[in-house]
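Student: based on what follows, work out the 3D shape:
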Amino acid sequence: MKLLNRRFASSLLVLPMLLLAACGGSSSPNPGDLTAPTVVITDNVAGATASGNVTFTFTFSEDVGTSFAAGDVTLTGGTKGTFTKVSGTVSTLVAIPAASTAGTLTVAVAVGAFSDVAGNPSTVAATASQAYNTVVVLTQMDLPVTFDAATVNYGLTGFGGAEDSTIVADPAGGANKVGKVVKGATAETWAGTTLTADGTLGFATRIPFDASNTRMTVRVYSPDAGIQVRLKVEDHANNTISVETEATTTAANAWETLTFDFASEAAGTAALNVANTYDKASIFFNFGVNGATAGAKTYYFDDVIFIGGGGTGGGPGPTAFSTVTFDSATLSYTLTGFGGAEDSAVVADPVVGTNQVARVNRSATAETWAGTTFSTLANLAVGRIPFDASNTRMTVRVYSQDIGVPVRLKVENAANNAVSVETEATTTVANAWETLTFDFASSAAGTAALNVANTYDKASIFFNFGVNGATAGAKTYYFDDVIFIGGGGTGGGGGGAGAFSTVTFDDAAITYTLIDFGGTTSSQVVDPTGGTNMVAKAIKSATAETWAGTTVSTGANQSVGSIAFTATRQMMSVKVYSPNSGIPVRLKVEDPADPTRSVETEALTTMVNTWETLTFDFAAQAAGTAAINLGYTYAKASIFFNFGVAGATAGEKTYYFDDITFVP
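Tutor: Residues are numbered from 1 along each chain as shown. Next comes the predicted model:
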């Protein structure tokens, strides 16, 4: 009886299962889905040939769940990069082509490589191909020499015991490249290094010396202060045509910029003849001292730049103003305080100790007009400031203990102080550097108006102007980088239809506009490192294109004003703040009325979560883009962070930028 009951119970368990099967029951999420999934493969390359990484996108006809992974893709012609599952119906794979080659990247997905959520496997294979060419065509080296442009054929040739001259990473950190020179223990007194790619050629164009423009600068890094550094330029086709000059290091194991004025040739060497062609350069560290005396030493150099000025007709001569940096080894800086600011001196930067700045101690007994005259020439002069109707602005970097401090800048005639003009700006941050803009077209109340026919070649600065020391108490201020930037005046500036002016995002008289494209979202925000100054924030999204960027404008038609490029002035700078070092940042300028007229160039970040100033040389255009044409009008500017890398590869990143400046 017990056996019979067990058999009957078993029959009852089987019956529901039979009924379920008879009704078409299944454990599948979609028991009626018998359609096999398919995939379509596309890529992110707009043209016929890619010049770098290619992102392939796999778009499925239905949800494939987790059945598809990087291992299901066969790639030929390159290596696999980042694989991303965007959603159940979309995945991406970055394909990395080999460097300096041309070929084809092919991705293939085999039959049965993936299945839909109903369990149906794919029944059709899929492939896609993309041609690539990563061969970089190198151009001949030219000034300025930065060692960082991927398209330039840089080279160094050492001699006399400095044969170990190479291009290496910056010893102070970062991804930028510099020249390294090892002067050996057996080196000659004249051991040096020539900047040449093949031993014979120098620069692509001649150095543009004339009677008023005879100066070059080189950044150097020396193990010792007080080292003589000689710079020689010559005709690459005739080495009997040359000129040499010297400067002296002032710092040890730190970068500094040395200025070389070829109007003052080294003793016993030929004088500069501006009718000659000079298109090749050599640098000699510790010139005149042999290796047996000095021992083996390692030096570095970078940023070989023609800056003009000097000579018989220009800055720092009697007629041309030169930027006041307090760092030039060839200029004599003088600070003359008065009215309670007599304690004015050139000191180390309170934030970054290696560069020099001016310090002004304003006493507790200071007059309302206490100030400091700064000069580089005789008669307390700084050289003639090139005002005209359309160019009336100067900038000064200042560091104040307080927000809202009125700072007055006065320029006058060094020979006749009755000829003067004054204007003011107000600090917006405390205990931090900021750049103030002074437009002399708007003279201070009760002072004379600017007359561009006059000569203004003397300058003074007044902190907390109009407030005496008894009211304010003793205060310490710093200033640096007194620059004539042009713009303003009656002829435009401010980025409108007139001349380009530095984009600071802080000028209340200017409307700044940010126009995004390709997956970037930009806005104007307060500096992320503190203070009240405004900067631009650019978020490059996780779905951004490789060419995502931001156009910056201050005037109509997305313009920033006409950038005054010349044969010797083709550089701009931008302050940037990046979450990563080694990020390529591209700067593009174009004609607002004709986008086919443009020029683009790049620089690499070297810092992480720190402000740094990148320099963009438009004489070295980015590979595959047009060269600069001085006959065009460039009045529109766009910036691209991590150019060439899609958001799917990099992930969402936030960048900041500020102070877009035309470098004089």
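Student: what pairs with K80 across the strands?
Tutor: Applying DSSP bridges to K80 gives these bridge partners: A95.
Student: name the element the residue nearest the centre of the chain belongs to?
Tutor: The centre of the chain sits closest to L614, judged by CA atoms, centre = their mean, with a distance of 2.0 Å. When elements are defined using DSSP states H and E, L614 is found to belong to strand 611-617.
Student: that strand pairs with which strands, parallel or anti?
Tutor: Within its sheet, and counting by DSSP bridges, strand 611-617 is paired with strand 571-577 (antiparallel).
Student: what residues does the partner strand touch?
Tutor: Applying CB atoms under 8 Å, 6 or more residues apart in numbering, the contact partners of strand 571-577 are 144, 528-529, 535, 563, 585, 587, 589, 605, 609-619, 639, 641, 655-663. From N, CA and C alone the C-beta is placed, and that goes for glycine too.
Student: please indicate which of those residues are buried?
Tutor: By the neighbour-count criterion of 16 or more other CB atoms under 10 Å, the contacts of strand 571-577 include these buried positions: 144, 535, 563, 585, 587, 589, 605, 611-612, 614-619, 639, 641, 655-663.
Student: if we can go back for a sec, contacts made by the strand holding L614 with the rest, please.
Tutor: Strand 611-617 has contacts (CB under 8 Å, 6+ apart) with 144, 146, 149, 303, 529, 570-577, 585, 587, 601-606, 658-659, 663.
Student: now, which of these lie within strands?
Tutor: Cross-referencing the contacts of strand 611-617 against strands under DSSP state E gives 303, 571-577, 585, 587, 601-604, 658-659.
Student: dump stretch 585-595 to PDB, restricted to CA.
Tutor: Output for stretch 585-595, consisting of C-alpha atoms alone and laid out as PDB, is shown next (Å, rounded to 0.1, in the frame of the first residue of the first chain):
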ATOM      1  CA  VAL A 585      46.100  70.900 -26.300                       C
ATOM      2  CA  ARG A 586      45.400  72.400 -29.800                       C
ATOM      3  CA  LEU A 587      44.800  76.100 -30.500                       C
ATOM      4  CA  LYS A 588      43.200  77.100 -33.800                       C
ATOM      5  CA  VAL A 589      42.800  80.600 -35.200                       C
ATOM      6  CA  GLU A 590      40.900  81.400 -38.300                       C
ATOM      7  CA  ASP A 591      39.100  84.100 -40.300                       C
ATOM      8  CA  PRO A 592      35.600  84.500 -38.900                       C
ATOM      9  CA  ALA A 593      34.300  85.200 -42.400                       C
ATOM     10  CA  ASP A 594      36.200  82.300 -44.100                       C
ATOM     11  CA  PRO A 595      36.800  79.100 -42.100                       C
END
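Student: about what we covered before: with just CA atoms, put the strand holding L614 into CSV.
Tutor: Output for strand 611-617, consisting of C-alpha atoms alone and laid out as CSV, is shown next (Å, rounded to 0.1, in the frame of the first residue of the first chain):
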residue,chain,number,x,y,z
TRP,A,611,48.0,76.2,-13.6
GLU,A,612,50.8,76.4,-16.2
THR,A,613,51.3,78.6,-19.3
LEU,A,614,51.5,76.8,-22.6
THR,A,615,53.0,78.5,-25.6
PHE,A,616,51.6,77.9,-29.1
ASP,A,617,53.9,78.6,-32.1
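Student: from the middle of its chain, how far away would it be?
Tutor: Centroid separation for strand 611-617 versus its chain: 2 Å, with CA atoms, centre = their mean, to the nearest Å.
Student: and the helices in the stretch 301-450 of the chain?
Tutor: Counting by DSSP state H, counting those that start in this stretch, one finds no helices in the stretch 301-450 of the chain.
Student: got any ranges where it has weak pLDDT?
Tutor: Low-confidence regions of the stretch 301-450 of the chain, defined by pLDDT under 70, span residues 309-319, 353.
Student: ok, now with 50
Tutor: Within the stretch 301-450 of the chain, the stretches falling below the threshold (pLDDT under 50) are 312-319.
Student: any quick PyMOL command for the buried ones out of the ones in strands among the contacts of strand 611-617?
Tutor: Applied in PyMOL, the following selects the buried portion of the ones in strands among the contacts of strand 611-617 according to 16+ other CB under 10 Å:
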select buried, resi 303+571+572+573+574+575+576+577+585+587+601+602+603+604+658+659
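Student: and the ones in strands among the contacts of strand 611-617, which is closest to T435?
Tutor: Nearest to T435 among these: D659, at 6.4 Å, using CB to CB.
Student: pLDDT wise, what is that closest one at?
Tutor: Looking at D659, its pLDDT reads 91.
Student: residues in contact with it?
Tutor: Neighbours of D659 in contact, by CB under 8 Å, 6+ apart: 435, 502-504, 573-575, 613.
Student: how does it look with 7 Å?
Tutor: 435, 502, 504, 574-575 (CB atoms under 7 Å, 6 or more residues apart in numbering).
Student: what's the farthest-apart pair in those residues?
Tutor: Using CB to CB for every pair in the contacts of D659, the one that comes out farthest apart is T435 and V574, at 13.1 Å.
Student: tell me the pLDDT of the closest residue to T101 other than its chain neighbours.
Tutor: Once its chain neighbours are removed from consideration, T101 has its nearest residue in T134; the separation is 5.9 Å (CB to CB, 6 or more residues apart in numbering). Note for T134: predicted pLDDT of 84.
Student: count the residues that sit near F301.
Tutor: 26 (other CB atoms under 10 Å).
Student: do you know how far it is from T566?
Tutor: According to CB to CB, to the nearest Å, F301 and T566 sit 26 Å apart.
Student: do N361 as well
Tutor: Here the distance between N361 and T566 works out to 41 Å (CB to CB).
Student: and T551, how far from K540?
Tutor: According to CB to CB, T551 stands 15 Å off from K540.
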